[in-house]
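Undergrad: Build me a structure from this.
(chains A, B, C, D, E and F)
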Protein chains: 4
Amino acid sequence: MKRKKILEAAAIVFSKKGFHQARMDEIAALANVAKGTLYYNFSSKSMLFSATVTEGLETIVKQITEKLNSNLPFIEHFRLLIEYMISLYLKNNRLAKILLNELSSGIDSKVLAEIESVQERFIIFIADLLHKGQKRGYIKPVDIRTAAIAVAGQIDSLCKYHLRNPGKISKEQIVESLFDILSTGLLKPNLP
Amino acid sequence: MKRKKILEAAAIVFSKKGFHQARMDEIAALANVAKGTLYYNFSSKSMLFSATVTEGLETIVKQITEKLNSNLPFIEHFRLLIEYMISLYLKNNRLAKILLNELSSGIDSKVLAEIESVQERFIIFIADLLHKGQKRGYIKPVDIRTAAIAVAGQIDSLCKYHLRNPGKISKEQIVESLFDILSTGLLKPNLP
Amino acid sequence: MKRKKILEAAAIVFSKKGFHQARMDEIAALANVAKGTLYYNFSSKSMLFSATVTEGLETIVKQITEKLNSNLPFIEHFRLLIEYMISLYLKNNRLAKILLNELSSGIDSKVLAEIESVQERFIIFIADLLHKGQKRGYIKPVDIRTAAIAVAGQIDSLCKYHLRNPGKISKEQIVESLFDILSTGLLKPNLP
Amino acid sequence: MKRKKILEAAAIVFSKKGFHQARMDEIAALANVAKGTLYYNFSSKSMLFSATVTEGLETIVKQITEKLNSNLPFIEHFRLLIEYMISLYLKNNRLAKILLNELSSGIDSKVLAEIESVQERFIIFIADLLHKGQKRGYIKPVDIRTAAIAVAGQIDSLCKYHLRNPGKISKEQIVESLFDILSTGLLKPNLP
DNA sequence: GATGAATGAGCTTTCATTCAT
DNA sequence: GATGAATGAAAGCTCATTCAT
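TA: I've put the predicted structure just below:
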């Protein structure tokens, strides 16, 4: 029905403009729906935003989890994770942007908390994957949560750059660099 | 005179609220200046934003450069860079946030280009530092620009997390983790 | 069937909120009926209001008339009238408020005329009772219509005050004061 | 300046339409002022309403008090009070209507309290006058507050009727009837 | 007969910008 | 140079009304 059309339009507009710059008029027009219909389905702009983000994360996490149920050696697993998260970001970047960025002031504190919890769930999801690798002896004894945040930050900034400057870095380059840096770091081995 | 007071107030308000949520009223009040005075000194909100960001970067770059003119061994240099950028972010996070984030639509395209170029200059600044390390044989032959972006992304996401969840990660932890990951990566050495 | 449920709900909501503040949603919910059903039974909000008021007055007038068909001495009759109108107002204050107050602009002029005529009928009803007393020699030769309006006004303001400030004046006090003032006035007799 | 023009326009519109039906657009147009100017001078519709009522009462009370500083015999004083309140109502009926009527739900509770306190002050003002008469032996030992409310109610309903049905009752008739009823009541003296 | 999802005109409010002083 | 009262376009939201089922 119209609810789904609205959520799709909302994801597009919110991710392009951010919460405050997004206009209900624009979302309505894009969803091909009257403005009142937005409010018939969602009680406010904040609630629409919240729904957009929440329902979006479910989709993403489900997609990643499905892909990673393989039984590859860990390194391959690790590379796949990076590759897949980047693919998802670029394909789905509307939501990713929101997930990793939008925390402007001025949103209902209730909704703000909802968004923060969604972000937290995403970080936890990455941390879980890293944790498994650590238990199996593949990952150094770093703080897992910190590492997860760092990974998310790198993905975000590289993908944003890619999207902002089309052509300057290819997707493959991003995956390669990220995998390289995350695997063995930036420094040459055997330094004094 | 008033111009300086305005820029200081603008930096505080813009970084706390972002471009669109910042209100000229608030900036004027904080600068202890009449609203008309903002327009006497800057032709529009966009231009004030542009000036704030540009003049802010100069300060930051100058501060970092001064600190890094030492003749330490590269590894120490590298650690210092990370440590100092994080300190600056946390101290000065107002501007850092803008530098690393704000790219909302709705800004005059002229000003948008200005902001993008400021961001680019910051990336280049990091890339330059990495490049020197590479030439001197300390850094692996990765793509320097990609690495710079990744470094900026990690700093951004870790610092944001730190600010959002006071107490969960200490500043020292951030520096240590970042240095560790960036130096030698996440994976244990000597894996098959 | 549903029509009656709607009218009951409408009386409650209209008298609590007044015409303009009452919402069709609320009436429908209270009547346990879909919003469309309101429009199936009444062509518009104005017509629903009109029906609510008109059918309400009939009930009230019928109730008062029944009570007053006694053959008491006029003074008792008069006191009873006052007492009963106040009881009705307080019990039924939903409609009374409308009858005595609601004349906001913005109602269809047709409906407005209907309401005015209902109010007029109520004033006439009181005037009739006074007129009978006058014919039988109990009431001074004042203008009957004016007196009726004054009586209605006193009842209205005292009851409103009673409802607004629970506990400050009891119902008995209202009846007593009103009866006293209306009977013999405020001034002491035998004044120069 | 514009503040005064706005208050005048607001009094006209609020009293004609009531709080909820009054439109900020209409007030702005009547005051010959841009809509934004309303909000430059008053923080919200509710606050504008509050200011209109409060500042209006001051004027009215001042006017009545001035008139009543005479040293006439009490009966004349009493008649003058009635006559003057009615004149004021009819002349100034915009505010009087608000003072005696407007208590719709949906106003900020803060403002609602303000209005109620203004109404209370008006009742107290009448009660004071009656009290003086009582102390000097002119008024029967009725409950003063109740009497004041009854007086206000009569004035309100008679004046409303007068305004609604131009020509049916003259102003003099209203004064005469009210004075008569309030002085000696409706009943003939010397009844069994 | 009855429903409720959908509508859109119209409302209050915000805020960058202007301009007379 | 500096002010701040005034502006008006544009936003979020409400709600009587309609109509396909």
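
Undergrad: Enumerate the positions of whichever strand or helix holds A:K132 that are buried.
TA: Using DSSP states H and E, A:K132 falls within helix A:109-135. Within helix A:109-135, the residues that count as buried by 16 or more other Cβ atoms under 10 Å in any protein chain shown are A:111-112, A:114-115, A:118-119, A:122-123, A:125-127, A:129-131, A:133-134. Bear in mind the C-beta positions are built from the backbone N, C-alpha and C, glycine included.

Undergrad: Tally up the residues packed near the closest residue to A:Y84 other than its chain neighbours, please.
TA: Ranked by Cβ to Cβ, 6 or more residues apart in numbering or on different chains and with sequence neighbours excluded, the top spatial neighbour of A:Y84 is A:K67, at 5.3 Å. A:K67 sits with 15 neighbouring residues when counted by other Cβ atoms under 10 Å in any protein chain shown.

Undergrad: Hmm, A:L80 and A:K67 touching each other?
TA: Yes - counting by Cβ atoms under 8 Å, A:K67 touches A:L80, with 7.1 Å between them.

Undergrad: circling back: now the helix holding A:K132, how far from the chain's geometric center?
TA: 11 Å (Cα atoms, centre = their mean, to the nearest Å).

Undergrad: swap in stretch A:158-176?
TA: Counting by Cα atoms, centre = their mean, stretch A:158-176 comes out at 16 Å from the chain centroid.

Undergrad: Quick check: mean pLDDT of it?
TA: What stretch A:158-176 shows for mean pLDDT is 83.

Undergrad: cool, and stretch A:16-33?
TA: pLDDT averaged over stretch A:16-33 gives 90.

Undergrad: how close does the residue in chain A that DNA strand E sits nearest to get to chain D?
TA: Nearest residue of chain A to DNA strand E, counting by Cβ to the nearest atom of the strand: A:G36, 1.7 Å away. Separation of A:G36 from chain D (Cβ to the nearest Cβ, to the nearest Å): 20 Å.

Undergrad: same thing with A:S50?
TA: On the measure of Cβ to the nearest Cβ, A:S50 and chain D end up 27 Å apart.

Undergrad: Check A:V118 too.
TA: Taking Cβ to the nearest Cβ, one finds A:V118 at 34 Å from chain D.

Undergrad: A:T54 is in contact with that residue, correct?
TA: Yes - with contact defined as Cβ under 8 Å, A:V118 reaches A:T54; the gap is 5.9 Å.

Undergrad: what's the neighbour count on A:E83?
TA: 18.

Undergrad: Assign it to helix, strand or coil.
TA: Per DSSP: H, G, I helix; E, B strand; the rest coil, the local secondary structure of A:E83 is helix.

Undergrad: tell me the contacts of it?
TA: A:175, A:179 (Cβ atoms under 8 Å, 6 or more residues apart in numbering or on different chains).

Undergrad: hmm, try it at 10 Å
TA: A:67, A:171-172, A:174-176, A:178-179 (Cβ atoms under 10 Å, 6 or more residues apart in numbering or on different chains).

Undergrad: farthest-separated two in those?
TA: A:K67 and A:E176 (19.0 Å; Cβ to Cβ).

Undergrad: Helices of chain A, residue ranges please.
TA: For chain A, the helices defined by DSSP state H occupy A:2-21, A:24-31, A:35-41, A:45-67, A:74-91, A:93-101, A:109-135, A:144-164, A:171-184.

Undergrad: Can you flag the weakest of the ones you listed by average pLDDT?
TA: helix A:93-101 (a mean of 68).

Undergrad: ok, back up a step: run the contact check for the helix holding A:K132 versus DNA strand F.
TA: No - using Cβ under 7 Å from any atom of the strand, helix A:109-135 stays clear of DNA strand F, with a minimum separation of 10.4 Å.

Undergrad: what does chain A have sitting close to DNA strand F?
TA: So chain A meets DNA strand F at A:22-25, A:35-36, A:39-40, A:43-46 (Cβ under 7 Å from any atom of the strand).

Undergrad: Separate out the buried members of those.
TA: Buried subset of these (neighbour count, 16+ other Cβ under 10 Å): A:22, A:24, A:45-46.

Undergrad: Looking at these, which is nearest chain B?
TA: Ranked by distance to chain B (Cβ to the nearest Cβ), these are led by A:A22 at 9.8 Å.

Undergrad: Distance to DNA strand E for the buried ones among the residues of chain A next to DNA strand F - can I get that in a markdown table?
TA: What follows is these, written out as a markdown table (distance: Cβ to the nearest atom of the strand, whole Å):
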| residue | distance to DNA strand E |
| --- | --- |
| A:A22 | 15 |
| A:M24 | 9 |
| A:K45 | 14 |
| A:S46 | 15 |
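
Undergrad: how about the residue most central in space within chain A, what does it touch?
TA: In chain A, the residue lying closest to the centroid (Cα atoms, centre = their mean) is A:A96, at 3.2 Å. Contact analysis of A:A96 by Cβ under 10 Å, 6+ apart lists A:15, A:56-57, A:60, A:85-86, A:88-90, A:122, A:152, A:155-156, A:159-160.

Undergrad: ok, of those residues, which one's closest to chain D?
TA: When the contacts of A:A96 are compared against chain D (criterion: Cβ to the nearest Cβ), the nearest one is A:S15, at 32.6 Å.

Undergrad: Provide a list of residues in contact with A:A34.
TA: Residues in contact with A:A34 (Cβ under 10 Å, 6+ apart) are A:2, A:28, A:40.

Undergrad: can you check A:M1 too?
TA: Per Cβ under 10 Å, 6+ apart, neighbours of A:M1: A:N41.

Undergrad: cutoff 8 Å now
TA: Contacts of A:M1 by Cβ under 8 Å, 6+ apart: none found.

Undergrad: pLDDT wise, what is it at?
TA: On the pLDDT scale, A:M1 gets 76.

Undergrad: Distance check, it against chain C.
TA: 18 Å.

Undergrad: for A:A31, same thing?
TA: Distance of A:A31 to chain C, computed by Cβ to the nearest Cβ: 23 Å.
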